[in-house]
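A.B. asks: For reference, the sequence and a predicted model appear below.
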Amino acid sequence: MKKITIIVAFILSFLAFSGCKQKTVQEERKPIPVEVMVVDTVAGGMTRTYVGEVEENLSVAVSFPMGGRVERVYVHEGDHVREGQTLVVINNANAQNAYNSAKATLDQAEDAYKRLKKVYDQGSLAEVKWVEIQTDLEKARSMEQIARKQLEDCTLKAPISGVVSACNAKAGGSLLPGEPAVTVLDMGRISVTFSVPESEISSVVVGKEAFVYVPALNNRMLTGRITERGVTASRVSHSYQVKVAFPNADKSLLPGMVCKVLLEQPENQGFVIPAKCVQTRPEGLSVWVVENGKAQHRLITSSEFVANGVLVTSGLHPGDTIITAGMQKLYVNAECKM
């Protein structure tokens, strides 16, 4: 009787355990709620976005060749200047005296030349003496030109029309030879410089159209063309410098403004899906798809990140149902509740 009781108890325990296990398996096999979308073919040009910075077309730092004490400063930072306009004047006393001396020597040489030429024409002056007179005249002319140039260099004039970006000259101060006194920027035409990764530089060609948005000017859109493409990559970022030129007639674009550059890429064809659907696995990128109501893995190939997701070029077909939410609990052949 005792043995029978033990056997019956063992059978009942086994049946109870089997029922619990079957119940657990049944619970695990309940359909998993997911969100899905049906893919469709998308064809069109992709657009890449870069961050650029406005730069002046030309920057000229002007200085005094001889240096000296500053007498007057006629411009300040931000002033618009014309080509040939006087910017700064330094003390010219020494240069003026040197020019006066050179001019007097030239006048004396020219007078001697005129007097002795008549004598030479009459044949009363030796050839050696006549050559000496001509040489002295040429020396005097050269010295006068040098002295005149040094006197003119005491007045600094604008080499181009533009805007004064920096003025280091101060009245009463001194400037060393070659020390920049005023920097003038040519603002009639500007450039936008931006960096392009080496993996994308092959699609950037000189002459290609580019669109630029300037947030500082209420997102004003400008259209220009690529004028320069760097040939040497940065060793740190492995990117190339590219420039787009624009006219700046109203002078509203200023150096240093940050902008957004858009470049259209050659037309591609594929399926645009949300980036959150894509998973990275050892064998490559993949997504979950629903086939006959069950979840399956599908390897894909992606070529571009676009504004609203990822462009898939292979691995999907028109009408495929991909899972966009609820992937965390999925497994192969899991039943899906859509």
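C.D. replies: Yes, it's here. Residues are numbered from 1 along each chain as shown.
A.B. asks: Next, the buried residues of the longest strand seen in the chain.
C.D. replies: Longest strand in the chain, counting residues (DSSP state E): strand 42-63. Residues of strand 42-63 classed as buried under the neighbour-count rule (16 or more other CB atoms under 10 Å) are 42, 46, 48, 50, 52, 54-58, 60, 62-63. Any C-beta I mention is one placed from the backbone N, CA and C, and that applies to glycine too.
A.B. asks: Relative to residue 290, which of those is nearest.
C.D. replies: residue 42 (20.4 Å; CB to CB).
A.B. asks: which sections of the chain are below the confidence cut-off?
C.D. replies: 1-29, 41-46, 265-269, 303-308 (pLDDT under 70).
A.B. asks: In it, mark out all the helices, start to finish.
C.D. replies: Here the chain has its helices, by DSSP state H, at 2-28, 93-121, 127-152.
A.B. asks: Remind me what the shortest one packs against, helices and strands.
C.D. replies: Put plainly, it is helix 127-152. helix 93-121 (3 or more CB pairs under 8 Å, 6 or more residues apart in numbering; DSSP states H and E).
A.B. asks: and the helix it packs on, what does it pack onto?
C.D. replies: Looks like helix 93-121 contacts helix 127-152 (3+ CB pairs under 8 Å, 6+ apart).
A.B. asks: The helix it packs on: which residues count as buried?
C.D. replies: 130, 133, 136-137, 140, 143-144, 147, 150-151.
A.B. asks: what's the answer for stretch 113-126, then?
C.D. replies: Quick answer for stretch 113-126 (16+ other CB under 10 Å): 113, 116, 120.
A.B. asks: now stretch 85-99
C.D. replies: 87-90, 92, 95, 98-99.
A.B. asks: from those residues, which single one is nearest residue 193?
C.D. replies: residue 87 (27.9 Å).
A.B. asks: so who does the closest one touch?
C.D. replies: Listed by CB atoms under 8 Å, 6 or more residues apart in numbering, the contact set of residue 87 reads 62, 73-75, 81, 156-158, 164, 169, 181-182.
A.B. asks: Could you dump those residues into JSON lines with distance to residue 192 added?
C.D. replies: Formatted as JSON lines, the contacts of residue 87 follow (distance: CB to CB, whole Å):
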{"residue": "62", "distance to residue 192": "26"}
{"residue": "73", "distance to residue 192": "33"}
{"residue": "74", "distance to residue 192": "32"}
{"residue": "75", "distance to residue 192": "27"}
{"residue": "81", "distance to residue 192": "24"}
{"residue": "156", "distance to residue 192": "31"}
{"residue": "157", "distance to residue 192": "31"}
{"residue": "158", "distance to residue 192": "26"}
{"residue": "164", "distance to residue 192": "23"}
{"residue": "169", "distance to residue 192": "31"}
{"residue": "181", "distance to residue 192": "29"}
{"residue": "182", "distance to residue 192": "26"}
